[in-house]
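Trainee: coordinates only, sequence not included:
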């Protein structure tokens with residue numbers, strides 16, 4: 001491949017106030033730079049820590065794009081994709097560490113399987129345990145139970161199906177979607193189906209993207225031989241109330257977009273009622289004197305969620 005040709009792989013990372021984790025991520029990519037013709041694009045969403053200065057100082061080979069505001073995950077990735085030129089594009093969270101030849105394996109898999117449009121690695125927790133990273137498309141009942149206070153009481157088959165627990169962790173499998181912490185696709189596919197839906201801001205954008213890619217005729221594959229460590233949720237945990245709001249607005253946008261207004265309205269009403277119930281419970285526990293500072297903090301957070309109305313963006 002000639003020196004001036006486009007890179008084989010573009011790595012897009014959107015960062016917000018995770019300087020140390022991003023440093024570890026970029027170091028792991030730097031270790032495989034010579035083995036894979038790649039470019040690295042970091043889109044910094046107006047971090048208030050030293051993230052952009054750290055990138056410029058320690059990784060001058062990285063293309064750093066400084067945003068003047070928190071652009072959100074989909075828009076930030078779209079900015080990075082637009083600025084990149086690689087044949088393949090991987091969305092890679094800043095709180096990840098690439099293990100050995102994982103990136104090469106993902107690219108090679110798409111080389112060898114033209115019917116596959118998206119491939120995701122096995123994600124590992126920092127302690128080496130397996131992190132759930134492949135899914136089937138959610139149903140209405142999935143929306144009711146998954147990541148709500150009713151999750152523990154959900155009928156086993158509903159969430160087992162959603163989390164694809166019938167598929168062995170160490171076997172390559174066709175799935176509906178993979179987590180956006182590490183998701184590889186072809187630029188030619190992005191040119192056809194478009195980038196991430198920026199109305200999501202954060203959460204469910206990779207679900208939406210994989211659905212659009214599958215509907216355009218490509219498969220989505222989980223490839224466990226490629227492994228990447230993922231420190232789960234280190235950016236979103238910095239703003240817990242916004243995490244509640246963004247997660248549920250994203251869920252509702254997906255259901256409004258693919259299941260219609262009636263289903264989305266019913267799910268929105270249910271979610272608001274669960275937050276109202278938890279709000280009242282926290283207030284009651286605070287009144288009787290049980291861990292009052294924690295109860296008032298939670299009550300304030302849940303009230304902000306209820307007051308937001310959880311109206312999905314774009315509708």
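Mentor: Arrived safely. Everything numeric in this text was worked out from a predicted model, so none of it was measured. Residues are numbered from 1 along each chain as shown.

Trainee: tell me, please, the helix or strand in this structure that averages the lowest pLDDT.
Mentor: helix 292-308 (a mean of 90; mean pLDDT, DSSP states H and E).

Trainee: in that one, which residues are buried?
Mentor: Buried residues in helix 292-308, counting neighbours by 16 or more other C-beta atoms under 10 Å, are found at 295, 298, 299, 301, 302, 303, 305, 306, 308. (C-beta placed from N, C-alpha, C; glycine too.)

Trainee: for the third one, which non-adjacent residue is spatially closest?
Mentor: In this structure, residue 299 finds its nearest non-sequential neighbour in residue 282, 4.2 Å apart by C-beta to C-beta, 6 or more residues apart in numbering.

Trainee: so the one you found makes contact with residue 293?
Mentor: No - between residue 282 and residue 293 there is no contact under C-beta atoms under 8 Å: 11.5 Å.

Trainee: residue ranges with poor pLDDT in this protein?
Mentor: 1-4, 233-239 (pLDDT under 70).

Trainee: contacting residues around the residue nearest to residue 299?
Mentor: Counting by C-beta atoms under 8 Å, 6 or more residues apart in numbering, residue 282 makes contact with 295, 296, 298, 299, 302.

Trainee: can you tell me the SS state at the nearest residue to the second one once chain neighbours are set aside?
Mentor: Nearest residue to residue 296, sequence neighbours excluded (C-beta to C-beta, 6+ apart): residue 286, at 5.4 Å. When the structure is reduced to helix, strand and coil (DSSP: H, G, I helix; E, B strand; the rest coil), residue 286 reads as helix.

Trainee: and residue 195, by the same measure?
Mentor: For residue 195, the secondary structure call by three-state DSSP comes out as coil.

Trainee: please name every helix or strand in contact with the least confident helix or strand of the chain.
Mentor: helix 240-259, helix 261-287 (3 or more C-beta pairs under 8 Å, 6 or more residues apart in numbering; DSSP states H and E).

Trainee: could you dump those to a markdown table with distance to residue 94?
Mentor: Shown next, in a markdown table, are the helices and strands packed on helix 292-308 (distance: least, C-beta to C-beta, whole Å):
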| stretch | distance to residue 94 |
| --- | --- |
| helix 240-259 | 16 |
| helix 261-287 | 29 |
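
Trainee: and among the ones you listed, the most buried is which?
Mentor: helix 240-259 (a mean of 20; mean count of other C-beta atoms under 10 Å).
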